[in-house]
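[1] Mind folding the following:
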Amino acid sequence: MFEFYRKTLDGTKLEYVIFGHIGNNHVHINILPNNMDEYKHGKEIYLQLASAILKWGGTVSGEHGIGKLKRPFLNLMFGEQGVEEMREVKRVFDPEGKINPGNLFELKQESASRHAL
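    Below you'll find the model as predicted:
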């Protein structure tokens, strides 16, 4: 994994750090963009890394969960059907959407404002 990460990231000219929990083989990669173009490029790189890791049978998230930044990766792992099933479970336990709004599933207003742009 380290070889794959370094080879991929070194070819981007983006600054990055790799750190984490080496004892249980759980590392974090942070790309450190200097501007919005690098930020967008970094997001593309994360998507490349996540896609490869999933093909190898890995996961895109560990103990911290998906959250807002990795939300697009949820569909990569589980597909639209799987994500919709998760939404249904959330609606059962949180029908008003008050628990961690927007962390795992996009809020309706987020989606509407993005489509308005």
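
[2] Extract the CA atoms of the longest helix anywhere in the chain and return them as CSV.
    Using DSSP state H, we find that the single longest helix of the chain is helix 71-93. Extracted in CSV, the C-alpha atoms of helix 71-93 (Å, rounded to 0.1, in the frame of the first residue of the first chain):
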residue,chain,number,x,y,z
ARG,A,71,-19.3,11.0,1.3
PRO,A,72,-18.8,10.4,-2.5
PHE,A,73,-16.9,7.2,-1.7
LEU,A,74,-19.9,5.7,0.0
ASN,A,75,-21.5,5.0,-3.5
LEU,A,76,-18.2,3.5,-4.7
MET,A,77,-18.3,1.0,-1.8
PHE,A,78,-22.0,0.2,-1.7
GLY,A,79,-23.7,1.5,-4.8
GLU,A,80,-26.8,3.7,-5.0
GLN,A,81,-29.1,0.8,-3.8
GLY,A,82,-26.9,0.2,-0.8
VAL,A,83,-26.8,3.8,0.2
GLU,A,84,-30.5,4.2,-0.2
GLU,A,85,-31.0,1.2,2.1
MET,A,86,-28.8,3.0,4.7
ARG,A,87,-30.9,6.2,4.3
GLU,A,88,-34.0,4.1,5.0
VAL,A,89,-32.5,2.7,8.2
LYS,A,90,-31.5,6.3,9.2
ARG,A,91,-35.1,7.5,8.6
VAL,A,92,-36.4,4.8,10.9
PHE,A,93,-34.2,5.9,13.8
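
[3] which helices and strands does it pack with?
    Judged by 3 or more CB pairs under 8 Å, 6 or more residues apart in numbering; DSSP states H and E, helix 71-93 is in contact with helix 36-55. Every residue, glycine included, has its C-beta placed from N, CA and C.

[4] Which other helices and strands does the helix it packs on contact?
    helix 2-10, strand 26-32, helix 71-93.

[5] Same list, the ones you listed, but as JSON lines with mean pLDDT please.
    JSON lines is the format used below for the helices and strands packed on helix 36-55 (pLDDT from 0 to 100):
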{"stretch": "helix 2-10", "mean pLDDT": "92"}
{"stretch": "strand 26-32", "mean pLDDT": "89"}
{"stretch": "helix 71-93", "mean pLDDT": "90"}
